[in-house]
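**Q** sequence and predicted structure, then a few things I'm wondering about:
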Amino acid sequence: MGELDGWRLCPRCGAELGGDAARLACDACGFIVYASSKPTAGALCVDNGRVLLARRAHPPFQGFWGIPGGFLDEGEDPLDGLRRELREETGLEVEPQRFLGIWMDRYGGDSTAEATLNLYWTAQVVGGEAAPADDVSELRWFGRDELPAADELAFENVPLVLAAWRNEHS
């Protein structure tokens, strides 16, 4: 299901919208909206060959392990968003290090979920005390050979990111 599926009326003036699955426009007030993937920023906090994972406290994927991070606010620099999300979820102050890459996914396990554009970095912990908070129920450090099985990981992109990290440290 696309982001704009079901949109019929302009959210600004209430007139009929025209367009397609990628772009809708209102002839009455000029409002235009584009379907887009929602950007996220996450970090593999690495320390002595171990990586910090967070157990999700809420759906989607409640109880599964994920990489700390989350959605960027509108106009937020991805590195600022990464620092904010890590502070909110883990209590840690981090400094992003190396950009790992971009992985596409959906925020949930089915075709009706929002598309996401997931940006990942490695990060160094520079302060704070690790404590699960916000939408995290548990934090745990995992060695390269101790990572949870794929069926214990949240989202399709998490095992891919962890495999990329593990492969470059083999």
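**A** Okay, I see it.

**Q** use CA for all of it now, contacts and neighbours both
**A** Noted.

**Q** find the nearest non-adjacent residue to the residue lying farthest from the centre of the chain, please.
**A** Within the chain, residue 28 marks the point farthest from the mean C-alpha position, 35.7 Å out by C-alpha atoms, centre = their mean. Nearest in space to residue 28, with sequence neighbours left out and distances taken as C-alpha to C-alpha, 6 or more residues apart in numbering, is residue 15 at 6.5 Å.

**Q** need the contact list for the one you found.
**A** Residue 15 sits next to 9, 26, 28 when contact means C-alpha atoms under 8 Å, 6 or more residues apart in numbering.

**Q** and the pLDDT at the last one?
**A** pLDDT for residue 28: 98.

**Q** do the one 4 residues further on as well
**A** Confidence at residue 32, expressed as pLDDT, is 98.

**Q** and the residue nearest to residue 27 when sequence neighbours are not counted, what are its bridge partners?
**A** In space, and not counting its chain neighbours, residue 27 is closest to residue 17: 7.4 Å by C-alpha to C-alpha, 6+ apart. Beta bridges link residue 17 to residue 26 when assigned by DSSP bridges.

**Q** what's residue 17 in contact with, if anything?
**A** Going by C-alpha under 8 Å, 6+ apart, residue 17 touches 7, 8, 9, 10, 24, 25, 26, 27.

**Q** tell me, how many residues neighbour residue 63?
**A** 18 (other C-alpha atoms under 10 Å).

**Q** just how off-centre is stretch 79-88 within its chain?
**A** 11 Å (C-alpha atoms, centre = their mean, to the nearest Å).
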